[in-house]
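Enquirer: Sharing a model that was predicted from the sequence below.
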There are 2 protein chains.
Amino acid sequence: MTTNTRYKNRPVKAEDGEEKEYVGFATLPNQVHRKSVKKGFDFTLMVAGESGLGKSTLVNSLFLTDLHKDRKLLNAEERIHQTVEITKHTVDIEEKGVKLKLTIVDTPGFGDAVNNTECWKPITDYIDQQFEQYFRDESGLNRKNIQDNRVHCCLYFIPPFGHGLRPVDVEFMKALQDKVNVVPLISKADCLTPTEIRKMKDRVREEIEKFGIKVYQFPDCDSDEDEEFKQQDRELKESTPFAVIGSNTVVEARGQRVRGRLYPWGIVEVENQSHCDFVKLRNMLIRTHMHDLKDITCDVHYENYRGVSAKCTNVNVVTDMYCF
Amino acid sequence: MTTNTRYKNRPVKAEDGEEKEYVGFATLPNQVHRKSVKKGFDFTLMVAGESGLGKSTLVNSLFLTDLHKDRKLLNAEERIHQTVEITKHTVDIEEKGVKLKLTIVDTPGFGDAVNNTECWKPITDYIDQQFEQYFRDESGLNRKNIQDNRVHCCLYFIPPFGHGLRPVDVEFMKALQDKVNVVPLISKADCLTPTEIRKMKDRVREEIEKFGIKVYQFPDCDSDEDEEFKQQDRELKESTPFAVIGSNTVVEARGQRVRGRLYPWGIVEVENQSHCDFVKLRNMLIRTHMHDLKDITCDVHYENYRGVSAKCTNVNVVTDMYCF
């Protein structure tokens, strides 16, 4: 859309062929578009899972950034006493004039200790705190520049070995399911053969259903979409949970330089769809479903929080009345 | 050695060239050899580590057997309530007339639960029980046919991801180090590139030293061994902890049918030394160090147990004397 068309008051052709005067509200979507570009976007992604499952590497591969270049790896002794420490990194990315403020929330120590009971508590607390902050800002004045730190999506890394979900996976996802969009991933999938990946996916899907875990559901495809889009949508849904591989190194494969992992028996290419679902995850997260993830956060999870919070406030008010 | 030579009373040539009458004790090693073949050997191997790290697959690959063909995999719900359950499988293997009774002690649920505090307790208890049984049998009559169920070696499976040892790995090995020969392995090594394997080995070795973990030490090479053997021995020691891959399936690689794993990017061959240390582990465990593992069990770990046990008995006797 150019500036010319925005201010032109030209007649438009109605369906019956008659020309109607052009009022201009047809430009509303364009206005929204323009404003959003001007304002920029923000997105907060949380990654969770045991240490060493490639969380940071995957995030770097997804956004072609290097978020954790100076992190310090802890040894076993330090990890014994370590609690789940939450870190936040923000990067501003720009692509074709569109600005994205990306925040990655990392939960480094999860699942590392010998006793992992309630290890998800600091994570659920963190999510609640962001809701609380937003709730306060929203109830106050100067609502225009509220900084939205609510977590829009949580990528949960399931270890590739193991025969399906472990108890800690089930409990973690159940603790988070009503607070955030949980997207389970089978991590480090380059240690599974295609048959094993298929079996693992089937098993994880079965167990998610069996234990009543509510993971992020892709919205239904609009009926007026074209056949190709519908096909892609079907494939996307069938591929869950995505089996992913990340890499920070560039290797030479088939004459091209690609992100990959160089083994003595071959090269694993991160963006090769016959090797893993990395591209599917990236498309979903960035190109097709980012906005839906934000909507669900706002309309479902945040409203959940507000509901619970409102009840608590009422109880407090009632208690206060009786006290004084 | 044939029967003829065993009973022959022939003169032997001494070093100074003079002929001495042959007494016959030079046949003693042969007699031991013959007797041991007749009696057969036994070996008890324990495997421990989190579920899904390929314990059973590796054992099957090592002894070309199928120990767990009808095992049932538990789901996350069952594993929540599962304690560490110890199972024992015995197979009789014969090779060139030499019989080996191989017992595999499996510890299926280790590390699976959310809270893994003292998850090694049933394992240390099991090892102690075998010592106790042997101790009783040894103190009783009819010592000729004692069944030796003492655990000669424990292969401990470290997950390949992770940045070195986890707290649970450290605590597990420390709990077992004075009871059994612990051989740590980096499992499922086909998800690590050669550089990553090198780093992981260095880190594990460093941490084993730092935390004072006593793993099985290969005995020093005799000085009169030939150079080739010495070289092999050096390589063996430098390769620890062995990075291993197991497979139950046979695939076609370079025109041959081999045990391996078929990935879209290549074939991992279990017995290819440039792919992993499986062959080194098998050689160590079966061809070169099996007897040393049994000796250390008998001379060090069992004697440890007897020492502690004797002290306890004395205390009991003293207490009894005061009581009555």
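Expert: Noted; the coordinates are in hand.

Enquirer: And residue A:298, how far from residue A:181?
Expert: Look at residue A:298 and residue A:181: by CB to CB, to the nearest Å, they are 11 Å apart. C-beta coordinates here come from the backbone N, C-alpha and C atoms, glycine included.

Enquirer: what about the two, which has more around it?
Expert: Neighbour count, other CB atoms under 10 Å in any protein chain shown: between residue A:298 and residue A:181, residue A:181 has more, with 24 against 14.

Enquirer: Tell me how far the helix or strand hosting residue A:58 lies from the chain's centre.
Expert: With elements taken from DSSP states H and E, the one containing residue A:58 is helix A:55-63. Centroid displacement of helix A:55-63 relative to its chain, using CA atoms, centre = their mean, to the nearest Å, is 12 Å.

Enquirer: packing partners for it?
Expert: Under the contact criterion of 3 or more CB pairs under 8 Å, 6 or more residues apart in numbering or on different chains; DSSP states H and E, helix A:55-63 touches strand A:41-48, strand A:98-106, strand A:153-158, helix A:278-282.

Enquirer: Flag every buried residue along that helix.
Expert: A:55-63 (16 or more other CB atoms under 10 Å in any protein chain shown).

Enquirer: average pLDDT for it?
Expert: Helix A:55-63 carries an average pLDDT of 86.

Enquirer: What angle do strand A:98-106 and it make with each other?
Expert: Helix A:55-63 and strand A:98-106 are oriented at 170 degrees to each other (axes from the mean of the first three to the mean of the last three CA atoms, to 10 degrees).

Enquirer: residues in contact with helix A:55-63?
Expert: A:45, A:47-49, A:65-68, A:71, A:91, A:93, A:102, A:104, A:106, A:155, A:157, A:185, A:187, A:244, A:246-248, A:259, A:270, A:278, A:281-282, A:285-286 (CB atoms under 8 Å, 6 or more residues apart in numbering or on different chains).

Enquirer: any low-confidence regions in chain A?
Expert: Applying pLDDT under 70 to chain A picks out residues A:1-21, A:24, A:65-84, A:108-114, A:312-324.

Enquirer: Quick test: name the residue nearest the centre of it.
Expert: residue A:153 (3.2 Å; CA atoms, centre = their mean).

Enquirer: Give the buried residues for stretch A:117-135.
Expert: A:119-120, A:123-124, A:126-127, A:130-131, A:134-135.

Enquirer: Out of those, which comes closest to chain B?
Expert: residue A:119 (8.0 Å; CB to the nearest CB).

Enquirer: still on that earlier bit, closest one to chain B among the helices and strands packed on helix A:55-63?
Expert: Going by CB to the nearest CB, the one of those nearest chain B is strand A:153-158, 9.9 Å.

Enquirer: what's the burial count for residue A:253?
Expert: What residue A:253 shows, counting by other CB under 10 Å, is a neighbour count of 17.

Enquirer: now for the buried residues of stretch A:117-135, which pair is the farthest apart?
Expert: Spatial extent of the buried residues of stretch A:117-135 (CB to CB) is set by the pair A:119 and A:135 at 26.1 Å.

Enquirer: And the helices in the stretch 51-200 of chain A?
Expert: A:55-63, A:76-81, A:121-139, A:167-176, A:194-210 (DSSP state H, counting those that start in this stretch).

Enquirer: In TSV, list the ones you listed along with distance to residue B:215.
Expert: Below are the helices of the stretch 51-200 of chain A laid out as TSV (distance: least, CB to CB, whole Å):
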stretch	distance to residue B:215
helix A:55-63	30
helix A:76-81	15
helix A:121-139	34
helix A:167-176	28
helix A:194-210	30
